[in-house]
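Colleague: quick one: sequence plus predicted model below, questions after.
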Amino acid sequence: LGERAALVVQKEAVSLGRLNDRVPPTPFVVRYIDAGAIPIVRAKKRLDLGWIAVEYVHGGPEGTTLTDRVTSTVAATGTAFDPARAALAVEHIARGLHAVHEVSVIHRDMKPDNVLVCGTGEEEIFKLSDFGIARAHGAQATLGMIVGTPGYAAPAPVEIAVVVNT
């Protein structure tokens, strides 16, 4: 378990690290800060617990995830986002995915809980997060298993072409 967890953290750090090298950096993906492992002993066995530090995203009273924001909006107004706010969310998520794909990374677990939100009104920003099962384009899937969250994962393997403008 410790080795697998450390591998997941390492892969997430590599995926996010690729984005840190992007100039200019994108505001639509959480920023990677650092990663490492802490050795612990459990049942007389040494394990390395992986950790990753990313930017803090303060969601405020409406919540931090896209799920929180939609739930808060429904509770306050009886409906989900208005068209302008929905368009802003789609634009930011698409720009984040574009930035991720530009560095040849595939997220593989896009869902509302993996979109963090900060700010409000015209200052609201939607940011992609949780790159734990992300892979570099062309890398094999994790142990040949289906990955992602049921209900959000693609129903079959999806091939993504990365287009580079020349």
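Modeller: Noted; the coordinates are in hand. Numbering: from 1, shown residues only.
Colleague: remind me which residues of the chain are low pLDDT?
Modeller: Residues of the chain meeting the criterion pLDDT under 70: 1-6, 22-23, 132-166.
Colleague: now do the strands in it.
Modeller: Under the criterion DSSP state E, strands of the chain are mapped to 32-42, 45-54, 105-106, 115-118, 125-128, 135-136.
Colleague: out of the ones you listed, which is closest to Leu16?
Modeller: Judged by CB to CB, the one of the strands of the chain that comes nearest to Leu16 is strand 32-42, at 3.4 Å. To be clear about C-beta, it is placed using only N, CA and C from the backbone, and glycine gets the same treatment.
Colleague: if we can go back for a sec, let me have the strands of the chain in CSV, extended by mean neighbour count.
Modeller: Listed next are these as CSV, based on neighbours: other CB atoms under 10 Å:
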stretch, mean neighbour count
strand 32-42, 13
strand 45-54, 15
strand 105-106, 23
strand 115-118, 22
strand 125-128, 21
strand 135-136, 16
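Colleague: in TSV: those, plus distance to Ala94.
Modeller: Formatted as TSV, the strands of the chain follow (distance: least, CB to CB, whole Å):
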stretch	distance to Ala94
strand 32-42	21
strand 45-54	21
strand 105-106	15
strand 115-118	11
strand 125-128	10
strand 135-136	20
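Colleague: wait, which of those is closest to Arg69?
Modeller: The closest of those to Arg69 is strand 115-118. By CB to CB, the value is 5.1 Å.
Colleague: what helices and strands are in contact with the closest one?
Modeller: Contacts defined by 3 or more CB pairs under 8 Å, 6 or more residues apart in numbering; DSSP states H and E place strand 115-118 against helix 66-77, strand 125-128.
Colleague: now do the last one: distance to the chain's middle.
Modeller: Think strand 125-128. 9 Å (CA atoms, centre = their mean, to the nearest Å).
Colleague: cool, stretch 13-27 as well?
Modeller: Counting by CA atoms, centre = their mean, stretch 13-27 comes out at 12 Å from the chain centroid.
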